[in-house]
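# Structure of the sequence below:
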Amino acid sequence: MQKYQQLADVLKGTGHPTRIAIIKAIGEKEKSVNELSEASGAEQSLTSHHLEKLKHCGVVESRREGKFVLYRLNFASQVVRSIYEEVICLN
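Numbers count the residues shown, from 1 in each chain. So this is what the prediction gives:
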C-alpha cells in the first residue's frame, strides 16, 4: 500500500501546468529558480512555491551552489523517470 501512496503523492504533486513546465525544464540539467521562472513563464515567487511542492512529493531535489539553489529531477525514482518521459512526449 505504501507504493501506491508514493505514486498518489507524486501524481498529486505534479498535477499543475506550471509544475509540468518545471519538470520539462529541469529534465536535461539542473537550474536555478530564476531559470525555471523564465522557462515556466511564472513569477519567481510562484515558481519557488511550485518547487517546494515538487520537493515535498519527492520529484525534485536541490543543492546549494554559492548563493544559488539548483534544482534537478529525482531520477532515482522510477515514478519520476516515467513522468518525465511522458512530459517529454507531449512535445
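
# now the helices for this structure?
2-14, 17-26, 33-40, 44-56, 78-89 (DSSP state H).

# So for F68, which of these sits nearest?
helix 33-40 (8.2 Å; CB to CB). Bear in mind the C-beta positions are built from the backbone N, C-alpha and C, glycine included.

# Now the closest one: buried residues?
Of all the residues in helix 33-40, those buried under the rule 16 or more other CB atoms under 10 Å are 33, 35-37, 40.

# Which secondary structure elements does it sit against?
helix 17-26, helix 44-56, strand 68-73 (3 or more CB pairs under 8 Å, 6 or more residues apart in numbering; DSSP states H and E).

# repeat that for 6 Å
When contacts are defined as 3 or more CB pairs under 6 Å, 6 or more residues apart in numbering; DSSP states H and E, helix 33-40 sits against helix 17-26, helix 44-56.

# closest to C89 out of these?
Short answer: helix 17-26, nearest of the helices and strands packed on helix 33-40 by CB to CB, at 10.6 Å.

# Buried residues, that closest one. List them.
Of the residues in helix 17-26, 18-26 count as buried by neighbour count, 16+ other CB under 10 Å.
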